[in-house]
Structures are given as structure tokens and as C-alpha cells.
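S.K.: after the sequence you'll find the predicted model.
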Amino acid sequence: MIVGIGSDLVHVSRIEAVLERQGEAFARRILRPEELETFCQKNKPRQQVAFLAKRFAAKEALSKALKTGIGKVSWQHILVTNGPSGAPEIKLSDQALTVFKALGAASVHLSLSDEKDLALAFVVLSA
């Protein structure tokens, strides 16, 4: 049974502009340490921006699926990784995990896509 659905569409250029203004401080606010390490390993600025835009979209989409918005859960309580097959996965902690359990959710399904100036995330929470 589906207990939550969320999606988010981000203009990559918007993320790029914020990153140019705020530098790595913006990435540190959005990304957990594990994600930040991967972000810093990207060789080209465009790869860093695309990586950050997809994580931003995924975390926003998850917050919508949780029915809280990002204000009630921290960016740091959501980890976006890639599983053994390369498929994106979400791992939750702290308040995000508490809300997830309160909804009766048992699993998170995440799809990510990007094309030119857009990054898209779609999240389904199921019981």
C-alpha cells in the first residue's frame, strides 16, 4: 500500500547559482558527510552541480512524501546513495525516520533523472 508520494523538479542552473554564491557551505548544508565526499570527488564543476541538484530534488521529494516539507526534517537526516546495481536509494535517520515510521511506511522507492537544466526526483513510500 502506498502511504506517501512526492516529486520535485529542480532547475540545475538555480543550484549552480546558489553554489557560486555560497560555495561549498551550500553543499555542506544539503549533503551528509558521505554525500559531500562523493560531491568533492567529482572532477568537473558541472558534475558537482548535477550531483547536488539530484540530491536536493530527492530530499525535497522525500519531504513531500513524508507530508512534512523540508522544514520539519533536516537535510542531514536524509542520505541518498546508490545501491550495488547503481540504483538510487534513500536512508533515513532521526526525525525523518520517526515520521517515516509514524506513517506506517516500510520502504522508500526513489527514481532520479536529469536532462540538461533539469533534475527530477520521484519518491514513493509503501507500507
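M.R.: Yep, that arrived. Numbers count the residues shown, from 1 in each chain.
S.K.: the residue of the chain positioned farthest from its centre: what's it in contact with?
M.R.: For the chain, the residue at maximal distance from the C-alpha centroid (Cα atoms, centre = their mean) is M1, at 22.8 Å. M1 makes contact with S126, A127, according to Cβ atoms under 8 Å, 6 or more residues apart in numbering. C-beta: built from backbone N, CA, C; applies to glycine.
S.K.: do you know the pLDDT at it?
M.R.: M1 carries a pLDDT value of 96.
S.K.: which parts of this structure are strands?
M.R.: 2-11, 78-82, 88-92, 107-115, 118-126 (DSSP state E).
S.K.: report the buried residues of the fourth one.
M.R.: Residues of strand 107-115 classed as buried by neighbour count (16 or more other Cβ atoms under 10 Å): V108, H109, L110, L112, D114.
S.K.: could you list every helix and strand that it packs against?
M.R.: Packing partners of strand 107-115 (3 or more Cβ pairs under 8 Å, 6 or more residues apart in numbering; DSSP states H and E): helix 45-65, strand 88-92, strand 118-126.
S.K.: how about a cut-off of 10 Å?
M.R.: strand 2-11, helix 45-65, strand 78-82, strand 88-92, helix 94-102, strand 118-126 (3 or more Cβ pairs under 10 Å, 6 or more residues apart in numbering; DSSP states H and E).
S.K.: quick one: those as JSON lines, columns for distance to E34 too.
M.R.: Output for the helices and strands packed on strand 107-115, formatted as JSON lines (distance: least, Cβ to Cβ, whole Å):
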{"stretch": "strand 2-11", "distance to E34": "21"}
{"stretch": "helix 45-65", "distance to E34": "11"}
{"stretch": "strand 78-82", "distance to E34": "6"}
{"stretch": "strand 88-92", "distance to E34": "9"}
{"stretch": "helix 94-102", "distance to E34": "15"}
{"stretch": "strand 118-126", "distance to E34": "18"}
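S.K.: for L19, find the nearest of those.
M.R.: helix 45-65 (6.2 Å; Cβ to Cβ).
S.K.: so the closest one versus strand 78-82, what angle?
M.R.: 130 degrees (axes from the mean of the first three to the mean of the last three Cα atoms, to 10 degrees).
S.K.: now do helix 45-65: distance to the chain's middle.
M.R.: 5 Å (Cα atoms, centre = their mean, to the nearest Å).
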